[in-house]
Structure formats: C-alpha cells, structure tokens
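Student: build me a model from this:
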Amino acid sequence: MAASGIEVDIDGGGLRAAVARRSPTVAAALDEEQAAVRARAWAAREVPDSVVDAVRVRSVLYRPDGGCTLRYRVRLSPAGRERILLVEIPPAATDVVIRPFPADPGLPTLQRALDPDLMRGVLGRAIPGTGGERAIGRCAVDVVHHPRQGRCVLRYRLSLGAGGPGELRHPVVFGKVYGDDSAGAAASALRLLRHGLANLPDHVRFLVPQPLAVLPSLRLGLVEAVPGRPLLPDLVKASCTPDASPASGPEALSSAVETAARTAAAVHACNASGVPLPVRDFASELAATERDLTLLQPVWPGAAARLRPAVIRALDVTGDHPRPAASVGWPLAPVLAHGDFTAGQVLIDCPGRAGIVDVDTLCMAEPALDVGRFLAYLHVTGIRRSRAAWSVLADMTALFLESYLDARPPSGDGTGSAAGASRLFLERTAGYHALALGRIGASACRQLKDDRLAAVVEVLDAGNAWLRSVTG
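Tutor: This next block holds a predicted model:
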C-alpha cells in the first residue's frame, strides 16, 4: 500500500515483483499460501498436537547477494498460541530453512538469555545490590525488540526471593543480546554519555540508563530501566494522518519535538575529549550512501535511478564553505554525536523530562549529522501518512531547529559571524538530511516497503523546501 496520495511504480510492478523476477525461491517464501504450507509442515513435525490457524509474512530483508530473511507469525490452536518462525533463504538456494524463534543463528546466545530459570540465577549474581542467586524469586523475560539482524532487546521482570535483602533495587532490567562482543563497547558508550551529562547544568540533562553488568559468555549487556516511552513517532503519525483528531492535541506534539531538540543539543554539548570513538565525516557518509544505492542496481535499477539524482540535487545546495581554522578538515567542529538519532530513541516521561536509549552508535561528527538524520526520519514518517502533511512537518521542523539552536547555538563559521554560523549549520544539516534519505530509501527497497520508498522519493523531490520554514 502506498502512502496517501503517492503512487510508486518503480521497476515494473513494485519492489516485490522485481525480487520475484530475480529470485523465484524468495517469491515463493513470500507467498502467504505457500508460507502456510511450510508452517503446517513445521508444526506437524515440531508441535503435532497443534493446528495452524493463520500465518502472516513479516520482517522481510532481501540482501544484494540474492539471499533473504523473513519471519512467519504463526497462530496455533488450541489456546491461540503464537510462534515466530525465522525463515532464511541462502543465496542461490532452491529451498528455505525454517527455525523457530529464538533459534537465531546470528544470535547464538539468545536462547540462553531468554531462559527464565537460568537468568534468575545469573541476574541474582550479576546485578549490583540484588543479594545473590536466592534473592530473585521469579524472573519473567519479554522480547522488546528483535530486529532482522545484529541484536535483540529483552526485558527482565524480577520479583523478590526468600534469600533477598528485602527489596530489589532493580525490579526491571533491560538486556541487549549481541551477535558479537559489542556489549562491552556499548556499556562504555553509556558511561561516556553519563559522564558528559554529569558536567552539564541540571536543566539541560536527560536520563541515560546506567550499565549494570556485561556478561561476555552470553554476549549480553544489562542496564537499568529509565522512565518514559518513545511518544514522538506516534504523535507525528497521528498529526499527519488525514482527518485524524490526535487525542493528545498539538501541545503534546510541540512539547515532544522541543524535548527531542534539547536532548540532541545536550548530547552535542558533552565533552568527549580523550575518548577514542568512531569518526563519521561527510565524505564517509556520502560513500556509505553511494554504496547502498549501488547495491540496489542489480535488483531495483529504477529505484537507484530515482534516488541517486534526487540525493545529488539536494546536495547541490549545501555549499562549499571554507573550513574554520579551529577544526581543520571540518566545516563545523565535530562533537559527541548519537549517530542514529531518531524520534524513537527519545523517551518522554512527562513534559520536559526525557531519556535516551540505544547509544551504541556514539561517534564524533558534525552536529548536523544527528539533526539531518532526525529530520529525514521525521519527514518520511509524516509523508508516509499523507502527502498533505508538509504544513505540519514544516511547523515541526522549524520548532525543532529553533529549539536546538536556542539550546546549542553554532560556535562560529570561522569568521565569528553568528548569522553565517547558523546558515552554515542549516546547509550542512540539509546535506546530511539528503544522505540519510538516500539510505532510508535503500533500506526500504531491501525491506520491500513500497510505501516507504514512495515517501522517501516524495521528500527528496521536495528538495530543501523544508528549510524555508526556518530561513523564510
């Protein structure tokens, strides 16, 4: 289904049709009827006392090598139980491999991290202030987010055991299971951000989870729970949906946008000197975007032909500015940056109070990297709901940028001109915005999401008109 008012007919019939022409095995795996046949065959072997009531195909990720991963959400009777089947189609394969979740080959320790009996003892020993293995009476494990690759976020809900100290300091703990040894680096990133925030004034700080433990044998990092929910994505969708009447009203949306802007500004104000972090400059982001678009060519040449020139057009207005002497090689001085800053990363507990999650991607970069990426996702989210959403998005964009610049004004453009610094910041933001859109579009192709690709094309075709909401 395409976004409201937007039609997409790229590569002759859409993204899925292009994949079907190239990979008949993948096309068969995507077919709902054939998925049901495979699910029933699996159930007959693994759960012979159950009957498959329904099968839905979800979470598709098609790879440039011709392989694909997807999931079948299977409802079984009696009792309406649901199971997730992880489906893998290797490159050039003529059949599929089906594994029941959590048997994810990319996360070999996930099954143990989901075992409540095992984790009751592990968490009792690992979490500070718990009181040992006997301190936890019951451990419930929930899957919060299991993306297509790389990691899985879990929530552990703990109750007090007979051998405990009387109360649990952390009755809810979040864990992230990695496919490699990244848990330690993620904990270090959290500590770095917490240390940087501690040196800022109280009124600009926000909450960052405290790392509690790293368990290398499980490839698991544990952090405390922080209050709040990612409200902004739903508020944006509700405000941009035609004929919708958001229950929380425009005030809630404005407050959430301002909170997100202040959060980004606070991250960028943190001191990260002396700490080795990945460096992401414009050249590396441009190369990564070009690489993603090039990989589309064999499967979706039409999509590549639409996205690449649109990105180039948007980049044409970013300008070629002299580099400030204080930061040779950088149009804007690099700062501590989130690296994957989107509306879904900001937790909001009450007006003005925020938290942030998923800081694995901390890096040194121009502040415009985070701001451009945030706005790219914001614009695609809105336009995916309605082509008529630009008036709402323009207001949100202006509010976000004005709130960000109020909280963290540009440090200068190399000449000491405040106006020049703001103009340069906005132009650099436009450049990173275009690159982020190119990568979102490439990701939409791999996930076979025609409506998201259509929204990306619409936002790119609008150029940098959104800047007028700030510059007039």
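Student: going forward, measure contacts and count neighbours with C-alpha atoms only.
Tutor: Noted.
Student: packing partners for the longest helix seen in the chain?
Tutor: For the chain, the helix that runs over the most residues, judged by DSSP state H, is helix 418-446. Helix 418-446 is packed against strand 51-62, helix 282-296, helix 301-315, helix 367-385, helix 450-461, with contacts defined by 3 or more CA pairs under 8 Å, 6 or more residues apart in numbering; DSSP states H and E.
Student: which positions in it come out as buried?
Tutor: When neighbours are counted by 16 or more other CA atoms under 10 Å, the buried residues of helix 418-446 are found to be 421-422, 424-446.
Student: likewise for stretch 176-193?
Tutor: By neighbour count on 16+ other CA under 10 Å, the buried set for stretch 176-193 is 176-184, 186-187, 189-193.
Student: please apply the same query to stretch 269-284.
Tutor: If you call a residue buried by 16+ other CA under 10 Å, then stretch 269-284 has these buried ones: 269-272, 279-282.
Student: which of those fall within helices?
Tutor: Here DSSP H is the test, and those give 269, 282 as lying in helices.
Student: in JSON lines: the buried residues of stretch 269-284, plus distance to P108.
Tutor: Conversion of the buried residues of stretch 269-284 to JSON lines gives the following (distance: CA to CA, whole Å):
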{"residue": "A269", "distance to P108": "38"}
{"residue": "C270", "distance to P108": "36"}
{"residue": "N271", "distance to P108": "36"}
{"residue": "A272", "distance to P108": "34"}
{"residue": "V279", "distance to P108": "30"}
{"residue": "R280", "distance to P108": "30"}
{"residue": "D281", "distance to P108": "34"}
{"residue": "F282", "distance to P108": "35"}
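Student: want to throw the buried residues of stretch 269-284 into TSV with distance to G124 and pLDDT?
Tutor: As requested, the buried residues of stretch 269-284 are exported to TSV (distance: CA to CA, whole Å; pLDDT from 0 to 100):
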residue	distance to G124	pLDDT
A269	37	93
C270	34	92
N271	35	87
A272	33	82
V279	38	92
R280	39	93
D281	43	90
F282	45	89
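Student: just the buried residues of stretch 269-284 now: which is nearest R387?
Tutor: Of all the buried residues of stretch 269-284, the one with the least separation from R387 (CA to CA) is F282, at 29.7 Å.
Student: show the pLDDT at the residue nearest to that closest one when sequence neighbours are not counted.
Tutor: Among residues not flanking F282 along the chain, Y432 sits closest, at 7.6 Å (CA to CA, 6 or more residues apart in numbering). What the model reports for Y432 is a pLDDT of 93.
Student: then V357?
Tutor: According to the model's per-residue confidence, V357 sits at a pLDDT of 84.
Student: got it, and the one 5 residues further on?
Tutor: Among the per-residue scores, L362 holds a pLDDT of 94.
Student: just give me the neighbour total for the nearest residue to it once chain neighbours are set aside.
Tutor: Residue nearest to L362 in three dimensions, not counting chain neighbours: H338, with 4.6 Å by CA to CA, 6+ apart. The local packing of H338 (other CA atoms under 10 Å) involves 27 other residues.
Student: can you check S217 too?
Tutor: When neighbours are counted by other CA under 10 Å, S217 registers 8.
Student: tell me the one of the buried residues of stretch 269-284 nearest R157?
Tutor: Where the buried residues of stretch 269-284 are concerned, and distances follow CA to CA, R157 has its nearest neighbour in C270, at 32.4 Å.
Student: that closest one contacts L197, doesn't it?
Tutor: Yes - assessed by CA atoms under 8 Å, C270 is found in contact with L197 at 6.1 Å.
Student: what's the angle from the longest helix of the chain to helix 450-461?
Tutor: Here helix 418-446 points in a direction 150 degrees away from that of helix 450-461 (axes from the mean of the first three to the mean of the last three CA atoms, to 10 degrees).
Student: make 17 the first number, not 1, from now on.
Tutor: With the count now opening at 17, the last piece we talked about shows up as helix 434-462.
Student: relative to strand 67-78, how tilted is helix 434-462?
Tutor: 130 degrees.
Student: buried ones in stretch 475-483?
Tutor: The neighbour-count check on stretch 475-483 (16+ other CA under 10 Å) flags 475-477, 479-480, 482-483 as buried.
Student: for stretch 121-135, same thing?
Tutor: Residues 123-126, 129-130, 132, 135 are the ones in stretch 121-135 that count as buried (16+ other CA under 10 Å).
Student: now do stretch 371-381
Tutor: Residues of stretch 371-381 classed as buried by neighbour count (16+ other CA under 10 Å): 371-381.
Student: got CSV for those residues, with secondary structure and distance to P426 too?
Tutor: Rendered in CSV, the data for those read as follows (DSSP: H, G, I helix; E, B strand; the rest coil; distance: CA to CA, whole Å):
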residue, secondary structure, distance to P426
G371, strand, 24
I372, strand, 23
V373, coil, 25
D374, coil, 26
V375, coil, 23
D376, coil, 26
T377, coil, 23
L378, coil, 20
C379, strand, 19
M380, strand, 16
A381, strand, 14
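Student: of all those, which comes closest to A57?
Tutor: Taking the buried residues of stretch 371-381 together and measuring to A57 by CA to CA, the closest member is D374, at 38.3 Å.
Student: tally of neighbours for the nearest residue in space to that closest one that is not next to it in sequence?
Tutor: Take D374 and drop its neighbours on the chain: the residue closest to it by CA to CA, 6+ apart is Q361, 6.8 Å away. The number of residues packed around Q361, counting by other CA under 10 Å, is 21.
Student: show the contacting residues for Q361.
Tutor: When contacts are counted by CA atoms under 8 Å, 6 or more residues apart in numbering, Q361 is found next to 246, 372-374.
Student: between those residues, which is closest to I328?
Tutor: Once CA to CA is applied, the member of the contacts of Q361 that ends up nearest I328 is D374, at 30.4 Å.
Student: for that closest one, give its distance to G166.
Tutor: Computed as CA to CA, to the nearest Å, the D374 to G166 distance reads 13 Å.
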